[in-house]
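Asks: Turn this into a structure:
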Amino acid sequence: MITTTRVHRWWLGALGPVTAVGEESASSSEVQLHPAARRALRRQLQAPGHLRGGLLFGQVQEDALHVTQVAPAGYRWWQPDPLCGDERYALGWMDALAACTPGDIDWVGSWLAAPDSRPFSVAQGDRWVRRAAGMGVVDSLHPLVTVGWSEGRLDAVACRVVDGATHLLPVVFTP
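Replies: Presented below is the predicted three-dimensional model:
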């Protein structure tokens, strides 16, 4: 039996009989953004001018999705898809995190920031969530977190798709 992550299955396909890391059968009731994840998102918001996005890494614990690490989609000149990233970049991040992080860690969602670093409107956010759901990036277990500056502070909105409908999840900034 091979232990594999969502990133590996997404980019490499089925690798034989697998034990999935981080896949939970129940949906989380909230998204918790840990300090390192918030720092990475703030750094991304300080480089406006183009659409930015990437992968959220973490795990589900009890009833919460804990986002502990954030990766950009890849180098801009690679022109990665902002929702799922560049294959080489995503696999490298996953392998590095798996080697350096105690416990299970996996790709638990995606993030997106507008070119002007402001929060997306509800309509814009919904379009991106539906696009991501159509790609299979967002579902009932893996949200899209849109981020932006609101009155000089990090603002985050998490959405998932359940039975074709978009649902908001509370976002908590952990100490």
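
Asks: Secondary structure element for the most centrally placed residue in the chain, which one?
Replies: Closest residue to the average C-alpha location of the chain: residue 110 at 2.2 Å, with CA atoms, centre = their mean. For residue 110, the host element (DSSP states H and E) is strand 106-113.

Asks: Mind jotting down where the strands sit in this structure?
Replies: Remark: strands assigned in the chain by DSSP state E are 2-4, 18-20, 30-33, 52-61, 64-72, 106-113, 144-150, 153-162, 165-169, 171-173.

Asks: Lowest average pLDDT across those strands?
Replies: Sorting the strands of the chain by mean pLDDT places strand 18-20 lowest, at a mean of 47.

Asks: ok, now how distant is residue 83 from residue 100?
Replies: 25 Å (CB to CB, to the nearest Å). The C-beta positions use only the backbone N, C-alpha and C, and glycine is treated the same way.

Asks: so residue 120 sits right up against residue 145, yeah?
Replies: No. Using CB atoms under 8 Å, residue 120 makes no contact with residue 145, being 10.9 Å away.

Asks: overlap in contacts of the two?
Replies: 112, 157 (CB atoms under 8 Å, 6 or more residues apart in numbering).
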